[in-house]
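Student: sharing a model prediction with you, sequence too.
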Amino acid sequence: MDLTPSERDRLLLAAAADLARRRRARGLLLNVPEATAIIADSAAEAARDGLRLADAIEAGRSALTVADVLPGVPEVIDRVAVEAVFDDGTRLVVIPSPLGSGDGQGPGSILIDAPEETIGVPESSARVTVINTSTVPISVTSHFHFFEVNPRLSFDRATAYGMRLAIAAGTSVRFDPGASVEVALTPIGGDRVLIGFAGLVDGPLDAPGAKEQALERARATGYLGADA
């Protein structure tokens, strides 16, 4: 049977979670890998069942309690992240404080005097208005090259070149059918070399002519907003 790397990873996670559940059923307290596997698997299965992102997060958060794990485990597992397949595509599910340990004052904690919703949100440098012209919801995760998102999303692609959503890592924005949403964008950091995504760039973002070539590919393949 030929499987993609992501399919193999999903089967490995399911097997690890099954083993952890059998150990818990025998009365054993779970260690970090075992607890993490159950939390991640619960969220991924919720997504597979057709639930929304918030429901998948809640499924992960409610999978275990402090009484199910060894001492110290809640302080170690401050969050769990897993890629899950939803009805509208694959998204990263981030589950904060899955064992209720999120008081932020454990050993080594960093206390931040800022509203929770602003923590980890980068400064924006551009804004675009996005219209979902499709008949299904479309979700875009934090670090996806926004220029290359679903071709049925209509917005100024040129402005979005080299940018990502200005939201916290691991979160996403959902665009419902027919909805018009203004989003903030921030430049992609690091070496600014993109491989994959929708294949419109596949190389250095700032190479001479790279933006023009990417816009030409987008126009040729029917991406809305590439002519803006």
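Tutor: Perfect, thanks for sending it.
Student: how about the one helix or strand in the chain whose mean pLDDT sits lowest: buried residues?
Tutor: Using mean pLDDT, DSSP states H and E, the weakest-scoring helix or strand in the chain turns out to be strand 89-96, at a mean of 85. For strand 89-96, burial by neighbour count (16 or more other Cβ atoms under 10 Å) applies to Arg91, Leu92, Val93, Val94, Ile95. Just so you know, the C-beta spots here come from the backbone N, C-alpha and C atoms, and that holds for glycine as well.
Student: now for the first one: which residues touch it?
Tutor: The neighbourhood of Arg91, defined by Cβ atoms under 8 Å, 6 or more residues apart in numbering, consists of Ala47, Leu53, Glu83, Ala84, Ser139, Thr141, Ser172.
Student: for these, which one is nearest Gly209?
Tutor: Gly209 has its nearest neighbour among those in Thr141, at 28.1 Å by Cβ to Cβ.
Student: and the pLDDT for that closest one?
Tutor: The score at Thr141 is 85. That number is its pLDDT.
Student: who's it bridged to?
Tutor: As for beta bridges, Thr141 partners with Ser172 under DSSP bridges.
Student: flag the shaky bits of this protein, pLDDT-wise.
Tutor: Regions of the chain meeting the criterion pLDDT under 70 cover residues 101-122, 228.
Student: which parts of it are strands?
Tutor: Shown for the chain, the strands assigned by DSSP state E span residues 79-86, 89-96, 126-132, 138-141, 153-154, 163-165, 172-175, 180-187, 193-194, 203-204.
Student: now render these as TSV, adding distance to Ala226.
Tutor: Converted to TSV, the strands of the chain look like this (distance: least, Cβ to Cβ, whole Å):
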stretch	distance to Ala226
strand 79-86	27
strand 89-96	21
strand 126-132	13
strand 138-141	17
strand 153-154	10
strand 163-165	15
strand 172-175	18
strand 180-187	16
strand 193-194	17
strand 203-204	18
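Student: tell me the most buried of the ones you listed?
Tutor: Highest mean neighbour count of the strands of the chain: strand 163-165, a mean of 22 (counted as mean count of other Cβ atoms under 10 Å).
Student: and that strand, what other elements does it pack with?
Tutor: Applying 3 or more Cβ pairs under 8 Å, 6 or more residues apart in numbering; DSSP states H and E, we find strand 163-165 packed against strand 180-187.
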